[in-house]
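**Q** Okay, predicted coordinates and the sequence, questions at the end:
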Amino acid sequence: MYVIFKLCCPDAGCLTFLLVLFGRVLGNSSFDWNFISVPQTWLGNRVIGFPRGKMLGGSSGVNFMVFGRGPSDEYNAWASLGNPGWDWNGLMSYFKKSETVPPGDANLHERWCICTIHPDPDSGNATGIFQSPRSVDPKGIRPYSASAYFSQEQSRSNLLVLTGAEAKKILLTKYGNNLVATGVTFTSGGKSLTAKANKEVIPSTSSIKTPQLLELSGTDQKALLTKLRIPVLQDLPEVGENFQVAFDLLSLHIEPAPFTRDQVVNNATFNDEQLALYAKTGSGPYAASGGLFSFEPLQAVLPRSQVTTILAQLDKEIKSTKATALRAAQYPIQRKLITDGRVGQIEFSFLPGGPTVANRLPDRSYISMTALSPRPFSCGSVHINSTTPTASPIIDPNYFAFTFDSQLLTSAASTPPENAADDGFASFSQQASWSVFHPCGTAALAPKSSGGVVDTNLKVYGTNNLMIVDASVMPLVFAAHMQGTVYAIAEKAADIVKKANNL
Ligand SMILES: Cc1cc2nc3c(=O)[nH]c(=O)nc-3n(C[C@H](O)[C@H](O)[C@H](O)COP(=O)(O)OP(=O)(O)OC[C@H]3O[C@@H](n4cnc5c(N)ncnc54)[C@H](O)[C@@H]3O)c2cc1C
């Protein structure tokens with residue numbers, strides 16, 4: 001019998017709670033890990049919030065439900081880092097597995113993208129303006145990974161899900177030249193327990209918690225583990241490095257705005273009424289998807305001379321930056337994506353609400369128009385600085401370490417907003433830039449010689465059966481919203497496991 005053993009942090013009643021809410025559960029520690037970064041040098045020492053879903057289903061249960069694929073060039077870039085099979089064609093069948101096209105809706109993408117200049121952002125070319133599809137089930141309810149995947153399979157006799165359990169360490173034993181994962185220690189109901197494994201052990205604990213678990217288990221850079229007196233079982237210097245995350249510049253808010261989602265967030269009574277209305281009739285603010293997006297190549301936004309100037313700046317910075325093996329392999333690929341001009345280098349979004357407005361007033365309603373940098377060159381890290389499994393890791397996205405990134409955003413949003421600080425737009429961008437909540441890369445898929453952490457079967461180098469399946473394996477951040485790609489990675493991983501076990 002093949003048993004999938006899944007540990008998950010404190011359960012928030014996930015299968016009974018209608019998680020159509022967006023924005024409202026953020027900051028609530030029953031749902032959100034509420035991680036924060038270390039002070040960001042290039043953002044005036046501000047700390048940046050990194051919300052992450054805590055319930056079964058993780059961040060898919062708290063996210064904004066924008067659903068789609070990235071451009072084909074960007075997945076092809078993953079493959080060109082030395083990852084055969086991890087390109088657009090290799091992922092296509094897995095993208096399709098998480099999408100259901102209702103009968104009669106063969107042209108679903110065209111139908112959803114009603115106002116578009118771009119007819120189908122999921123075609124592999126996502127540049128242009130479009131109204132993004134959202135993850136919504138046929139009843140108009142948010143499907144997230146617990147409801148859409150787990151609830152279909154929960155009665156299986158070979159599946160056990162323990163909620164309220166937190167993994168502390170993966171047990172690794174030397175077997176010949178390799179390590180074998182023999183189990184996981186975890187806490188549940190105040191007790192410390194061990195689950196034994198005789199097949200794969202598969203953490204899917206996010207780009208922030210996965211490096212922590214690997215480090216606590218003895219796989220990471222020797223120097224860090226030695227400092228914390230953790231026995232070094234596998235020296236993998238890039239665990240927790242290559243932390244890539246898109247960030248945005250809140251460029252304009254209209255307030256007071258017409259009716260937006262903020263009214264729901266601001267007023268608990270109104271929220272309860274609207275939830276009840278939605279549950280009864282499927283209508284009201286919770287039925288709305290909303291949100292226009294536009295991914296634009298640099299050449300579509302800036303005059304040629306400005307593109308040349310900021311690329312020259314980029315080249316200077318690449319030359320003077322001490323790069324890891326993985327970053328050195330990525331720079332030319334990332335640069336070529338810019339000069340080819342086929343993928344979005346800037347994302348503009350238009351949202352009915354202001355979930356991340358700095359200094360928002362509690363009774364106001366906003367419309368946000370933001371400029372995002374989906375594929376920044378600034379790159380950070382996530383590492384432990386304590387052996388306590390429940391301690392938050394040290395999260396450093398290193399925002400704006402590359403001046404190129406800030407120049408790109410400030411040039412793109414070239415008309416300074418009314419509420420820009422007096423000392424100029426550069427300073428405004430330091431105060432207003434924020435995370436887009438799409439961290440990835442901390443257990444990157446790449447050849448070991450290029451600083452990879454997992455191989456093309458998502459197996460951690462030097463181990464026989466330890467696989468990682470979450471956004472941390474994405475080797476390069478890309479210009480799209482990530483949930484659809486996380487599902488595709490998980491679907492591909494399922495095939496890898498089935499094949500390895502002759503299933
Ligand atoms: C606020 C927000 C808005 C977003 N909006 C969108 C959007 O609109 N569209 C989109 O495509 N993407 C969006 N995203 C991103 C998307 O949700 C994530 O990229 C995706 O969910 C990442 O999946 P993951 O499996 O890597 O991690 P997660 O989904 O975060 O899952 C990790 C799981 O592991 C659990 N866990 C962690 N540590 C342990 C431990 N030690 N023991 C046991 N369990 C543990 C966590 O509790 C969680 O359940 C958003 C994310 C956030 C936070």
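**A** Yep, that arrived. Numbering: from 1, shown residues only.
**Q** For this structure, which element, helix or strand, carries the lowest mean pLDDT?
**A** Counting by mean pLDDT, DSSP states H and E, the chain has its least confident helix or strand at helix 108-112, which shows a mean of 40.
**Q** What's the first helix or strand after that helix?
**A** Remark: after helix 108-112, the chain's next helix or strand is strand 128-131, criterion DSSP states H and E.
**Q** Neighbouring strands of that following strand in the sheet, and parallel or not?
**A** Next to strand 128-131 in the sheet, as set by DSSP bridges, lie strand 292-296 (antiparallel).
**Q** And the helix or strand following the strand it pairs with, what's buried?
**A** Note on strand 292-296: by DSSP H and E, the next helix or strand toward the C-terminus is helix 298-301. Within helix 298-301, the residues scored as buried using 16 or more other Cβ atoms under 10 Å are 298, 301. Every C-beta, even on glycine, is put in place using the N, C-alpha and C of the backbone.
**Q** And the helix or strand just after helix 298-301, what does it pack against?
**A** With elements assigned by DSSP H and E, the helix or strand that comes after helix 298-301 is helix 304-320. Packing partners of helix 304-320 (3 or more Cβ pairs under 8 Å, 6 or more residues apart in numbering; DSSP states H and E): helix 298-301, helix 325-340, helix 403-412.
**Q** Kindly recompute the last result at 6 Å.
**A** helix 403-412 (3 or more Cβ pairs under 6 Å, 6 or more residues apart in numbering; DSSP states H and E).
**Q** Roughly how far does the residue nearest the centre of the chain sit from residue 73?
**A** With distances taken as Cα atoms, centre = their mean, residue 438 lies nearest the centre of the chain, 3.0 Å away. According to Cβ to Cβ, to the nearest Å, residue 438 and residue 73 sit 18 Å apart.
**Q** what does residue 190 give?
**A** 50 Å.
**Q** Same check on residue 497?
**A** Residue 497 is 29 Å from residue 73, by Cβ to Cβ.
**Q** Any stretches of the stretch 251-400 of the chain with poor pLDDT?
**A** Residues of the stretch 251-400 of the chain that meet the criterion pLDDT under 70 lie in 251-258, 287-290, 355-359.
**Q** Most proximal residue of it with respect to the ligand?
**A** residue 389 (6.6 Å; Cβ to the nearest ligand atom).
**Q** surely that residue meets residue 168?
**A** Yes: between residue 389 and residue 168 there is a contact under Cβ atoms under 6 Å: 4.0 Å.
**Q** Neighbour count for these two, which is higher?
**A** Taking neighbours as other Cβ atoms under 10 Å, residue 389 and residue 168 compare with residue 168 leading, 20 against 17.
**Q** Tell me the residues of the protein that contact the ligand?
**A** By the rule Cβ under 6 Å from any ligand atom, the part of the chain lying against the ligand is 7-9, 26, 51-54, 58-60, 62-67, 166-167, 204-207, 209, 213, 437-438, 470-471, 481-484, 486.
**Q** Any quick ChimeraX command for the buried ones out of these?
**A** Under the burial definition 16+ other Cβ under 10 Å, those of the residues of the chain next to the ligand that qualify are selected in ChimeraX by:
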select :7,8,9,26,51,52,53,54,58,59,60,62,63,64,65,66,67,167,204,205,206,207,209,213,437,438,470,471,481,482,483,484,486
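**Q** Okay, and which of the residues of the chain next to the ligand map to helices?
**A** If you go by DSSP state H, these have 206, 207, 209, 213, 483, 484, 486 in helices.
**Q** can you give me the end-to-end distance of stretch 47-62?
**A** End-to-end span of stretch 47-62 (Cα to Cα, to the nearest Å): 21 Å.
**Q** got it, and stretch 221-239?
**A** 7 Å.
**Q** same check, this time on stretch 431-449
**A** 39 Å.
**Q** cool, stretch 390-399 as well?
**A** The first residue of stretch 390-399 is 26 Å away from its last residue (Cα to Cα).
**Q** which other residues reach it?
**A** Stretch 390-399 is contacted by residues 35, 37-38, 40, 43, 50, 212, 245, 247, 378, 380-385 when judged by Cβ atoms under 6 Å, 6 or more residues apart in numbering.
**Q** Recalculate using a threshold of 7 Å.
**A** For stretch 390-399, the surrounding residues in contact (Cβ atoms under 7 Å, 6 or more residues apart in numbering) are 35, 37-38, 40, 42-43, 48, 50, 166, 208, 211-212, 243, 245, 247, 378-385, 433, 435.
**Q** quick one: which of the residues you listed sit in strands?
**A** 35, 50, 166, 247, 381, 382, 383, 433, 435 (DSSP state E).
**Q** So of those, which two are at opposite extremes in space?
**A** 166 and 433 (31.9 Å; Cβ to Cβ).
**Q** Tell me the spacing between the closest residue to the ligand within the chain and residue 443.
**A** Nearest residue of the chain to the ligand (Cβ to the nearest ligand atom) works out as residue 58 at 2.3 Å. Going from residue 58 to residue 443 by Cβ to Cβ gives 16 Å.
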